[in-house]
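Asker: just the structure for this:
(3 chains)
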Amino acid sequence: MATQANPEAVLPAQGIEAPRSGRIDPKYLRSRTSRSNFEMMAWVFMRVSGAALVVLIFVHLWVNLMVGDGIHQIDFSFVAGKWANPVWQFWDLTMLWLAMLHGTNGMRTIINDYAEKDSTRAWLKAILYLSAAVIIILGTMVIFTFEPCLTDEAGNLLEGVAPEFCHGV
Amino acid sequence: MQVHKYDVVIVGAGGAGMRAAIESGQRARTAVLTKLYPTRSHTGAAQGGMCAALANVEEDNWEWHTFDTVKGGDYLVDQDAAEVMAKEAIDAVLDLEKMGLPFNRTPEGKIDQRRFGGHTRDHGKAAVRRACYAADRTGHMILQTLYQNCVKHNVEFFNEYYVLDLITVEEDATKEDGTPYKQKRVAGVVSYDLASGEIHIFQAKSVVFASGGLGKIFKTTSNAHTLTGDGMAIAYRAGIPLEDMEFVQFHPTGLAGLGILLSEAARGEGGILRNSEGERFMERYAPTIKDLAPRDIVARSMANEVREGRGCGPNKDYVLLDLTHLEPEHIDAKLPDITEFARTYLGVEPYTEPVPVFPTCHYAMGGIPTNIKAEVLQDNETVVPGLYAAGEVACVSVHGSNRLGTNSLLDINVFGKRAGIYAAEYAQGAEFVELPEAPETFVVDQLQMLRDATGSERVGAIRAELQETMDANMQVFRSEETIKEALAKIGELKERYTQITVQDKGRRFNLDLLEAVELGFLLDMAEVMTVSALHRQESRGGHYREDFPDRDDENFMLHSMLYKDPEAETEGIQGIRFDTKPVVFTRYEPMERKY
Amino acid sequence: MSTATVENEPASTVDLGESGDGAGAIESFEVTLKVRRYDPERAEDAWWDEWTLTMYGTDRVLDALHKVKWEIDGSLTFRRSCAHGICGSDAMRINGRNRLACKTLLKDLDTSKPITVEAIKGLPIEKDLIVDMEPFFQSYREIMPFLINNSPAPTAERLQSPEDRERFDDTTKCILCAACTSSCPVFWTDGQYFGPAAIVNAHRFIFDSRDDAGDMRLEVLNDKEGVWRCRTTFNCTDACPRGIEVTKAIQEVKTAIITRSL
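Answerer: Residues are numbered from 1 along each chain as shown, chains lettered A, B, ... in the order given. Here you go, the predicted structure:
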């Protein structure tokens, strides 16, 4: 712009910078980062995982609480029995992963929405991702490394805890 | 203070300004100075349509359009200009469509057209479908489309910069016949940045005025609060004459009491006006085209009904616009906005109840005189090199004494485009005119004076009294007595204006100060308008004198030209010089104006 | 359709009955206007001012502001122009909701309590009710709000069926008043979000059958500050003085981005 600033301004706003000299507060400027489909995928994932979780969770609750003896049947051996079946192993694994990712992404969104300072946002997200990772890894390990037939030091099955099928081994 | 240098500076970012900017921005370094953000301009309030003889729905041609424009303006139209406008109207509409304007469409996908007041087939035989439209938001769409294209072409806007003075210099020159005269040349403009209160001088090779009208002279008006005649007043103070200022259009259908516009499209789509007896009174005043007669005739008929006691409401001070015989779906499709206005502001449901309406000040036919290249004239024929004007601020004159509906949207597009092209072309071949010593002095002194003033008068009070007196004395019916009363009041108010006080003393966004400046413009323009009206002892178009109810072609088939001249006196008012300018005739002889 | 209605000449005279009386006399009442003021030339912090005014049934919030400015305190500063809801200058927060001051009738508000008026949220306040609109218009400019058509233009108009025209009608109504963007809770904390208004204006071109650059606009809005920031709180739809279904338009843009990637 062919603009010459005159040092002897005739009517300057005293002590105040001209509110608009073509500049925009940096907090409104978008960083030109590479465009990716991540946010779109995240958005789609929330809808798909949400729908899937409704099925997964309600079947889970129905099987655990309504079928057979209902709530009274739940004990160590009930869980062990379920996880002896690969279908239930897969079911619970899916439920764990979807629920954790769904929840984490939801929390990420809330942090994005409400954290005003960049540093706060970064810290909160770091804690969130770490805790999500720990739970997912732990949960996955439990599902796959679960030992249904607990024994005492002598190698005998623990009575009343180990499920029926352990006795057949 | 800052000094900026541009090839072309455009003052105003309404339809005309932005249309000019699109052309000029692609050809020369262009700055647009606007006292509002561009999309706030009052072009957006236009509703009904933009006429062009596209003949998309029925037979039509631009020559008929020219005739309607000339007849509508009661033969005070410069016919060469009207021809240019009617002819270029077709391209103006197509240009807009290609820029993206979402017109309503015919079933074949072409631009749809509808009827509008005063637009007829074959020289007045019947109403014709000529107005291209986008529901009742045509002006809004034009303004948005033009702004969108300014964004596309990276036009440089200076938002909320008030232009307060035009910098001109005078040179000695001689005419072809050897008589010496003072040739004006334009050097730039002085502007005020609302945000910081700083003065910015824009030096420019070409300056285009496109700053709109002066509707706020009147109390009942469809115009925005910001339409205070700034451009006209600035040009006038710089020694440029003003042409045909007595002609102001009163739009027949303003919401009663508020002045908010209800488009003529309401009548184009079949709405009719009724008095307190339920009578469709326009059948008496314009038997052929009835409710679609030109605006001056309808407005006067309405005022006459009220005057003769056939007004409606508790005070019998308005008539009714009846849409109840139309299908609600039809109203929704074609007139969604204006029916919403009736609901929001008057609580009237247009499907079932007629809407109270009364004439509202709408448009100034007069303004800064230009030729068909949009070049500003400093007298009857001398062009000011580099100075252009387009839109309502200008008087080409395509509207004569009464503008036809839709022709303003046409005017801004046709002459805005021309102004942009010619201003850029001129700038490409011209040098900067050197700025005179301290060109900002007048503005700085004026602002300082207003800021320091410690009088007892308030801007709001003076403005309200001005508007009251103009409404009472200078509306659809005028006479020597009422005009003189207005003139006396304006004189008194001008005196009181010197005693005002501005409460806001700050630099930042000081709108209080700017309203005081605008009041000064309003007072100047009101005076010019009334003097011009007093001088015209005849009735023509928008100017109706009860003491001279007939048109007088022998004495008044002339444009009025008013100059600011401290040594002259007109109609007892010191400082105004009156002159006339002949009307340009090409093919239409004046006839009696009947519809 | 339109032909039929016009060609059927309406009756010369009708019985107006009750409707001829119009609205009747206009009542007057007292209102208290409470405005959040800010002027860095006078004080560092914002403050509240209160005025009690006598107003009339047809008066709008803008009339009350004018009454204060013209008769009591000239330093009260706000933008306004057309005064009937089409220029978009006077969007402000009235009783906590984004409204145009010229379209909000006082009698429609609860006049037993003070009417609070503040500047719209999320944009930097410059003075009283005036905010810096630059960030808003910057987002608008970035979505390329203009028709892009790469095919050679015909001599006459480009054809478009009434159905194709209808497809984007709703979003052509936008007046850029910023009521929607500044009502969006996401925008309040994240100024980088494009905001509803920019998306609405992108929608207007994405769904225009004459436009060729829909993909480019969808790419722009696929940004992390684009449509995916929308939480469908419907504040924008509620705030829009033009009755645009803003949230619906945003959803349509989301759907378009997803269908494009599939």
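
Asker: ends of stretch B:282-300, what's the gap?
Answerer: Distance between the two ends of stretch B:282-300: 11 Å, counting by Cα to Cα, to the nearest Å.

Asker: now swap in stretch B:131-146 and tell me
Answerer: Stretch B:131-146 has an end-to-end distance of 19 Å (Cα to Cα).

Asker: just the buried positions in that stretch, please.
Answerer: Neighbour counts over stretch B:131-146 (16 or more other Cβ atoms under 10 Å in any protein chain shown) mark B:131-146 as buried. Just so you know, the C-beta spots here come from the backbone N, C-alpha and C atoms, and that holds for glycine as well.

Asker: select from those every entry located in helices.
Answerer: Using DSSP state H, the members of the buried residues of stretch B:131-146 that fall in helices are B:Thr138, B:Gly139, B:His140, B:Met141, B:Ile142, B:Leu143, B:Gln144, B:Thr145, B:Leu146.

Asker: relative to A:Ser49, how far out is the residue minimising distance to the centre of chain A?
Answerer: Closest residue to the average C-alpha location of chain A: A:Thr104 at 2.4 Å, with Cα atoms, centre = their mean. A:Thr104 sits 11 Å away from A:Ser49, going by Cβ to Cβ, to the nearest Å.

Asker: got a list of contacts for stretch B:50-65?
Answerer: For stretch B:50-65, the surrounding residues in contact (Cβ atoms under 8 Å, 6 or more residues apart in numbering or on different chains) are B:86-87, B:89-90, B:92-93, B:96, B:106, B:110-113, B:116, B:119-123, B:128-133, B:138, B:142, B:404-407, B:409-410, B:413.

Asker: of those, list those near chain C.
Answerer: Subset of those in contact with chain C: B:Val93, B:Thr106, B:Lys110, B:Ile111, counting by Cβ under 8 Å from any Cβ of the partner chain.

Asker: burial of the third one, as a residue count?
Answerer: Around B:Lys110 sit 20 other residues, with neighbours defined as other Cβ atoms under 10 Å in any protein chain shown.

Asker: does the residue nearest to it when sequence neighbours are not counted count as helix, strand or coil?
Answerer: Counting by Cβ to Cβ, 6 or more residues apart in numbering or on different chains, B:Asn56 is the residue found nearest to B:Lys110 once chain neighbours are left out, at 4.6 Å. Secondary structure state of B:Asn56, per DSSP: H, G, I helix; E, B strand; the rest coil, is coil.

Asker: the spatially closest residue to B:Ala299 that is not a sequence neighbour and B:Arg295, how far apart?
Answerer: Spatially, and ignoring its direct neighbours in sequence, B:Ala299 is nearest to B:Pro359 (4.0 Å; Cβ to Cβ, 6+ apart). Distance of B:Pro359 to B:Arg295, computed by Cβ to Cβ: 8 Å.

Asker: more neighbours: the two, which one.
Answerer: Set B:Pro359 next to B:Arg295 and count neighbours by other Cβ under 10 Å: B:Pro359 wins out with 28 against 25.

Asker: give me the mean pLDDT for the helix or strand that one falls within.
Answerer: For B:Pro359, the enclosing helix or strand under DSSP states H and E is strand B:355-364. What strand B:355-364 shows for mean pLDDT is 96.

Asker: now do it: which elements does it pack against?
Answerer: The contact analysis (3 or more Cβ pairs under 8 Å, 6 or more residues apart in numbering or on different chains; DSSP states H and E) places strand B:355-364 against strand B:248-255, helix B:295-307, strand B:319-322.

Asker: ok, and what's touching the helix or strand that comes right after that strand?
Answerer: With elements assigned by DSSP H and E, the helix or strand that comes after strand B:355-364 is strand B:368-369. The contact list for strand B:368-369 (Cβ under 8 Å, 6+ apart) reads B:209, B:231-232, B:235, B:240-243, B:376-377, B:389, B:393-395, B:397, B:559, B:561, B:581.

Asker: 6 Å - rerun?
Answerer: By Cβ atoms under 6 Å, 6 or more residues apart in numbering or on different chains, the residues outside strand B:368-369 that reach it are B:Ala235, B:Ile240, B:Glu243, B:Val376, B:Leu377, B:Ala389, B:Val393, B:Ala394, B:Cys395.

Asker: who's in contact with the third one?
Answerer: Contact criterion Cβ under 6 Å, 6+ apart gives B:Gly366, B:Pro369, B:Cys395, B:His559, B:Met561 as the residues in contact with B:Glu243.

Asker: which of those residues ranks first by neighbour count?
Answerer: With neighbours taken as other Cβ under 10 Å, the top of those is B:Gly366, carrying 31 neighbours.

Asker: so what's that residue closest to, chain neighbours aside?
Answerer: B:Asp244 (3.6 Å).

Asker: so that neighbour makes contact with B:Ala364?
Answerer: No - judged on Cβ atoms under 6 Å, B:Asp244 makes no contact with B:Ala364 at a distance of 8.9 Å.

Asker: quick check: pLDDT value at residue 86.
Answerer: No chain was given, so I picked chain A. 90.

Asker: other chain: chain B
Answerer: pLDDT, B:Ala86: 97.

Asker: gap between it and chain C?
Answerer: Noted for B:Ala86: a distance of 18 Å to chain C, by Cβ to the nearest Cβ, to the nearest Å.

Asker: and B:Arg40, by the same measure?
Answerer: Look at B:Arg40 and chain C: by Cβ to the nearest Cβ, they are 4 Å apart.

Asker: likewise A:Val67?
Answerer: The gap separating A:Val67 from chain C is 37 Å, by Cβ to the nearest Cβ.

Asker: B:Tyr75 now?
Answerer: Remark: distance between B:Tyr75 and chain C (Cβ to the nearest Cβ) = 29 Å.

Asker: how about that residue: what's its closest non-neighbour residue?
Answerer: B:Tyr75 sits nearest to B:Pro590 (Cβ to Cβ, 6+ apart), 4.1 Å away.

Asker: B:Ala238 too?
Answerer: Using Cβ to Cβ, 6+ apart and skipping the chain neighbours, the partner closest in space to B:Ala238 is B:Leu166 (4.4 Å).

Asker: my guess is that neighbour meets B:Arg237, correct?
Answerer: No - checked against Cβ under 6 Å, the pair B:Leu166 and B:Arg237 is beyond contact range at 7.9 Å.

Asker: of these two, who's got more company?
Answerer: The neighbour comparison of B:Leu166 against B:Arg237 (other Cβ under 10 Å) goes to B:Leu166, with 26 against 16.

Asker: burial count for C:Ile115?
Answerer: Going by other Cβ under 10 Å, the residues that sit close to C:Ile115 add up to 19.

Asker: ok, now which ones touch it?
Answerer: Applying Cβ under 6 Å, 6+ apart, we find C:Ile115 in contact with C:Leu33, C:Leu109.

Asker: how many other residues sit next to the closest residue to B:Leu466 other than its chain neighbours?
Answerer: Leaving aside its chain neighbours, B:Leu466 sits nearest to B:Leu493 (5.5 Å; criterion: Cβ to Cβ, 6+ apart). Neighbour count for B:Leu493, taken as other Cβ under 10 Å: 21.

Asker: tell me if I am right that B:Leu493 is in a helix.
Answerer: Yes - if the criterion is three-state DSSP, then B:Leu493 is within a helix.

Asker: what angle separates the strand holding B:Pro359 from helix B:295-307?
Answerer: Using axes from the mean of the first three to the mean of the last three Cα atoms, to 10 degrees, one finds that strand B:355-364 and helix B:295-307 are set 140 degrees apart in direction.
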